[in-house]
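J.: What would the 3D arrangement of this be:
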Amino acid sequence: VSTQSTGPSSLKTTLRRNDMSILIQNGKITNHDEMFEGDVLVRDGKIVAVGKNLDVPDDVTRTIDAQGKFVLPGGIDTHTHCELPFMGTVAVDDFLVGTQAAVAGGTTMLIDFAIPSKGESLIAAYDKWRSKADAKVVCDYGLHCAVTWWDKEGKVSAEMETLAKERGVASFKFFLAYKGVFMVEDDEFYYGLQTCKRIGALGQVHAENGHLIDEGQKKMLKMGINGPEGHEMARPEEVEVEATHRACVIANRVNTPLYVVHVMSKGAAEVIGNARRKGWKVYGEPIAAGLGTDGCAMWNKDWAFAAAHVMGPPLRPDPTVKEHLMAMLASGELACVGTDNCTFCTAQKARGKDNFAQIPNGVNGIEDRMAIVWNNGVKKGVLSPQQFVGATSANAARLFGCYPQKGRIAVGSDADIVIWDGEAKRTISAKTHHHAVNINIFEGMEVAGIADITISRGVVVWENGELKTTPGAGKYVPRACFGEAFDAIELSDAARDERQRKVEREPYTGPVE
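T.: Next up, the predicted model:
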């Protein structure tokens, strides 16, 4: 059967017979750059036809009527930490639970982080994370890799190149915080970004001043402030703003793209906006926590409730930050919405009951990310449905080297699809969420926007509020380097070289004292 799309992205394909096929009819097909009513045919894990009034093959396995609902690309969470060993314990959402929470919320791909300890091989860390994830994931995933140390002999740089060329790692993260654990110094960050540029990988940065945080923690504890509120006081907004500016300057001196993870304050977001207005290649990532709540909870009298909101950089004690970040997402000054999902139960958080600096940093977000953005963005008229797709999937796929395989409803793309009910409502609660953690920072929040059906690799994995998942059914997705963020880098390098010419002059012949 041959069919042709009548939507804006008209493509033609020959449909192959297979045991597994799904026809989605009458939905509002929405990409980051278009929206139209039509049908989608899925076969063998791929989208094979998109258009209006598609012929129904006689062997179609299932037909789904999406009348009145949106047919969206599955979400891509750009920033997760499943079963991360951190601060003396391990995040409770493993790759099974994390990906189950993802599909329950309409996300069909996570990009997690392989994080080596100081001195550890990056390749060994990558292999370790693959061994954790491959047998558990119920949807697809990718890996960023952190660079937590540097050597003059070039071992780290060589391993970055190997990961990029042979393992599909197209992004590397540098920490300017967590002194003595993950943090690199400015010169190491500079050298690391030079390698990123050479191999075409996107450099990422956790932007806080680790030295100032270390001193701030000492000061708060000396003053007798040992509760969760001390966490934000020790690393206030200016500490994030300074490091964000510094990271942008360093990346611009290298002339390579930079992705700033978890932008948590107005000031840091404005630094990114200002850099972009100068033409610098900087991309900012707000997260679900920063778009859905604030840091006032850290001053709550209930220690456990306050500690549940401890993460780094901190949620800011300003209820207007979330609206500011959403507006900057709408304007294009911020790019993708991640979560920094790194969950610790109350008993784990209690490792810091007498010292806020020992509270494991991390909050939830994987399951609620898309609903938070829809509710606070689309339903409030700040984002269009197309911008929603950009913020929750397409921009991530384009920046991180997996577009249009991911992040698009189009012929040839992976059949990662969400049937999204933009009007349905639910109340977020730890009692009903699909995380392993016993707390939820969005507890009691009513949100509009629900994943009615989630399809991963052409298979329904979430429907009618029930998981239909198989551990190991998801796959690791290798990603390509030299993505869209690298457009025009060579030309701008040439322009800089043109401006940086030596001045020819007669040699100085006067006295020298």
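J.: okay, CA-based contacts and neighbour counts for the rest of this
T.: Will do.
J.: In which helix or strand does D187 reside?
T.: Assigning secondary structure by DSSP states H and E places D187 in helix 186-199.
J.: Report the rounded mean pLDDT for that helix.
T.: Mean per-residue pLDDT for helix 186-199: 98.
J.: which strands and helices sit next to that helix?
T.: Using 3 or more Cα pairs under 8 Å, 6 or more residues apart in numbering; DSSP states H and E as the contact test, the elements touching helix 186-199 are helix 155-166, strand 171-175, strand 202-206, helix 237-254.
J.: Could you dump these into TSV and include mean neighbour count?
T.: Converted to TSV, the helices and strands packed on helix 186-199 look like this (neighbours: other Cα atoms under 10 Å):
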stretch	mean neighbour count
helix 155-166	18
strand 171-175	25
strand 202-206	25
helix 237-254	20
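J.: and G230, what are its phi and psi?
T.: With angles defined as degrees, to the nearest 10, G230 shows backbone torsions of phi -60, psi -30.
J.: Next, the contact list for it, please.
T.: Taking Cα atoms under 8 Å, 6 or more residues apart in numbering as the definition of contact, the neighbours of G230 are 217, 220-221, 356.
J.: again, only this time at 10 Å
T.: Contacts for G230 were tallied using Cα atoms under 10 Å, 6 or more residues apart in numbering; they are 216-217, 219-221, 223-224, 236, 298-299, 310, 355-357.
J.: From the structure, what's the count of residues near V382?
T.: Look at V382: counted by other Cα atoms under 10 Å, it has 21 neighbours.
J.: how about it, secondary structure?
T.: Reducing the assignment to helix, strand or coil with DSSP: H, G, I helix; E, B strand; the rest coil, the entry for V382 is coil.
J.: follow-up on the earlier one: give the buried residues for the helix holding D187.
T.: By neighbour count, and taking 16 or more other Cα atoms under 10 Å as the criterion, the buried residues in helix 186-199 are 188-197, 199.
J.: my read is T30 is in a helix, agree?
T.: No. Residue state for T30 (three-state DSSP) corresponds to strand; a helix is not indicated.
J.: Mind pulling the model confidence for it?
T.: 98.
J.: Leaving out chain neighbours, which residue sits closest to it?
T.: L72 (5.4 Å; Cα to Cα, 6 or more residues apart in numbering).
J.: got the helices and strands packed on helix 186-199 as CSV, with mean pLDDT and distance to R426 columns?
T.: Output for these, formatted as CSV (pLDDT from 0 to 100; distance: least, Cα to Cα, whole Å):
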stretch, mean pLDDT, distance to R426
helix 155-166, 98, 41
strand 171-175, 98, 35
strand 202-206, 98, 33
helix 237-254, 98, 33
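J.: Distance to R505 added to the ones you listed, as TSV?
T.: As requested, these are exported to TSV (distance: least, Cα to Cα, whole Å):
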stretch	distance to R505
helix 155-166	40
strand 171-175	43
strand 202-206	40
helix 237-254	27
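J.: Tell me which of the ones you listed sits nearest to V461.
T.: strand 171-175 (28.3 Å; Cα to Cα).
J.: Specify the local secondary structure of the spatially most central residue of the chain.
T.: Taking Cα atoms, centre = their mean, the centroid of the chain lies closest to T78, which sits 1.8 Å from it. Secondary structure state of T78, per three-state DSSP, is strand.
J.: shouldn't it be in contact with A288?
T.: No. At 11.2 Å, T78 does not count as touching A288 under the criterion of Cα atoms under 10 Å.
J.: which neighbours do these two share?
T.: When contacts are counted by Cα under 10 Å, 6+ apart, T78 and A288 are jointly contacted by 337-340.
J.: Compare those and tell me which is most surrounded.
T.: V337 (34 neighbours).
J.: distance of that one from V411?
T.: If you measure V337 against V411 using Cα to Cα, to the nearest Å, the figure is 25 Å.
J.: what does S171 give?
T.: Taken as Cα to Cα, the span from S171 to V411 is 27 Å.
J.: residues making contact with stretch 209-225?
T.: Contacts of stretch 209-225 from elsewhere in the structure, counted by Cα under 10 Å, 6+ apart, are 175-180, 182-185, 226-227, 229-236, 238-244, 246, 354-357.
J.: same thing but at 7 Å, please
T.: By Cα atoms under 7 Å, 6 or more residues apart in numbering, the residues outside stretch 209-225 that reach it are 176-179, 230, 234-235, 239-240, 243, 357.
J.: Report the distance from that stretch to the chain centre.
T.: Centroid displacement of stretch 209-225 relative to its chain, using Cα atoms, centre = their mean, to the nearest Å, is 29 Å.
J.: Buried residues, it. List them.
T.: By 16+ other Cα under 10 Å, the buried positions in stretch 209-225 come out as 209-214, 216-217, 220-221, 225.
J.: What of stretch 425-444?
T.: Residues 428-430, 433-442 are the ones in stretch 425-444 that count as buried (16+ other Cα under 10 Å).
J.: What's the end-to-end length of it?
T.: Between the opening and closing residues of stretch 425-444 we find a distance of 12 Å, counting by Cα to Cα.
J.: Also stretch 419-436?
T.: With Cα to Cα as the measure, the ends of stretch 419-436 fall 25 Å from one another.
J.: Just the pLDDT for R499.
T.: 83.
J.: can you check T63 too?
T.: Per-residue confidence (pLDDT) for T63: 97.
J.: Q4 too?
T.: The pLDDT attached to Q4 in the predicted structure is 33.
J.: what's the burial count for the residue nearest to Y403 when sequence neighbours are not counted?
T.: In space, not counting the residues next to it along the chain, Y403 is nearest to A397; the distance is 4.8 Å by Cα to Cα, 6+ apart. Other residues lying near A397 total 26 when counted by other Cα under 10 Å.
J.: Just the element for the nearest residue to N300 once chain neighbours are set aside, please.
T.: Using Cα to Cα, 6+ apart and skipping the chain neighbours, the partner closest in space to N300 is A306 (5.5 Å). Taking DSSP H and E as the definition, one finds A306 inside helix 303-308.
J.: any idea of the mean pLDDT for that helix?
T.: When pLDDT is averaged over helix 303-308, the result is 98.
J.: List of residues touching it?
T.: 228, 297-300, 346, 349, 363, 441.
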